[in-house]
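[1] Pasting the sequence and the predicted coordinates here, then a few questions.
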Amino acid sequence: MTRRLILASQSPFRRTLMEHAGLTFRAIAADIDERAIEAELECLSPSPSDTALHLAEAKAQAVSAANPDCLVIGSDQTLSLGARIFHKPADLEAAKAHLTALSGKTHALNSAVVIVADGEVRWRHVSTARLTMRPLSAAFIDRHLARVGDRVLGSVGAYQLEGEGIQLFEAIDGDYFTIIGLPMLPLLAQLREMGAIDA
């Protein structure tokens, strides 16, 4: 019998990616404290990719506990500049600080995806995209944030590539799905291998 799929996420972007791929699934938000998990990991000095994997697994495990007969897909993304991990800005002032720090530099988006069934991790994967932001003046950042407003607060980098955020960049190395936060091609390949979707 094919197991039902659950996406352990409240992200509308991830839900849309899976819907557009023709997958039948339920979306259930995982009730976890991401910052507390990161604090516990701190003594291990994890890489940004490892942090994304731990968070994705925690989400999948939390939802799997109440749905053991399902294949639960957990996903998380970190934005890293060197060893520094960025989180979603709390307000527009924090968004300005993010963009100022990223200006003229190449940062990484590390998108992790994990599949859990019966409380066991069955598969894990991380894809990384590298994005180079063009040098931005403080005046341009102010004008940009005035135009796009609070929408940037839903993104770890304080930008949305599917909107005006594309104007901030001079080079992008990575696929669209990794940038949005769910590496669809490796995920679909794994679901086919597991017999969870039509091969």
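    That came through, no problem.
[2] Residue ranges in this protein under the pLDDT threshold?
    1 (pLDDT under 70).
[3] So for it, the centremost residue is which one?
    residue 77 (2.8 Å; CA atoms, centre = their mean).
[4] got the phi/psi numbers for that one?
    Here is the backbone geometry of residue 77 (degrees, to the nearest 10): phi -140, psi 140.
[5] now it: how far from residue 66?
    24 Å (CB to CB, to the nearest Å). (C-beta placed from N, C-alpha, C; glycine too.)
[6] do the same with residue 55
    19 Å.
[7] got it, and residue 160?
    Per CB to CB, residue 160 is found 32 Å from residue 66.
[8] Comparing these two, which residue is more hemmed in?
    Neighbour count, other CB atoms under 10 Å: between residue 160 and residue 66, residue 160 has more, with 17 against 11.
[9] SS state for the nearest residue to the more buried one once chain neighbours are set aside?
    In space, residue 160 comes closest to residue 151 once its chain neighbours are excluded; the distance is 6.3 Å by CB to CB, 6 or more residues apart in numbering. Following DSSP: H, G, I helix; E, B strand; the rest coil, we place residue 151 in the helix state.
[10] How many neighbouring residues does residue 151 have?
    Residue 151 has 16 neighbours, counted by other CB under 10 Å.
[11] I'd say it and residue 162 touch.
    No: here residue 151 lies out of contact with residue 162, judged by CB atoms under 8 Å, at a distance of 10.4 Å.
[12] Run through the helices of the chain in chain order.
    12-20, 34-41, 48-66, 92-102, 138-148, 176-180, 184-193 (DSSP state H).
[13] ranking the ones you listed by burial, who's on top?
    The highest average neighbour count among these, using mean count of other CB atoms under 10 Å, belongs to helix 48-66 at a mean of 22.
[14] what sits up against that helix?
    6, 8-9, 28, 30-32, 34, 37-38, 41, 46, 70, 72-80, 83, 85, 108, 110-119, 121, 124, 126, 128 (CB atoms under 8 Å, 6 or more residues apart in numbering).
[15] Please apply the same query to stretch 123-130.
    With contact meaning CB under 8 Å, 6+ apart, stretch 123-130 is reached by 49, 52-53, 56-57, 106-115, 172-175, 177-179, 183, 186-187, 190, 194.
[16] cutoff 6 Å now
    49, 53, 106, 108-115, 173-174, 178-179, 183, 186, 190 (CB atoms under 6 Å, 6 or more residues apart in numbering).
[17] ditto for stretch 4-24
    25-30, 59-60, 63, 67, 70-75, 180-182, 184.
[18] Which of those residues fall within strands?
    Under the assignment DSSP state E, the contacts of stretch 4-24 contribute 25, 26, 27, 71, 72, 73, 74, 75 to strands.
[19] What subset of the residues you listed is buried?
    25, 27, 71, 72, 73, 74, 75 (16 or more other CB atoms under 10 Å).
[20] Dump those residues to a markdown table, plus distance to residue 91.
    Shown next, in a markdown table, are these (distance: CB to CB, whole Å):
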| residue | distance to residue 91 |
| --- | --- |
| 25 | 33 |
| 27 | 27 |
| 71 | 38 |
| 72 | 33 |
| 73 | 31 |
| 74 | 28 |
| 75 | 26 |
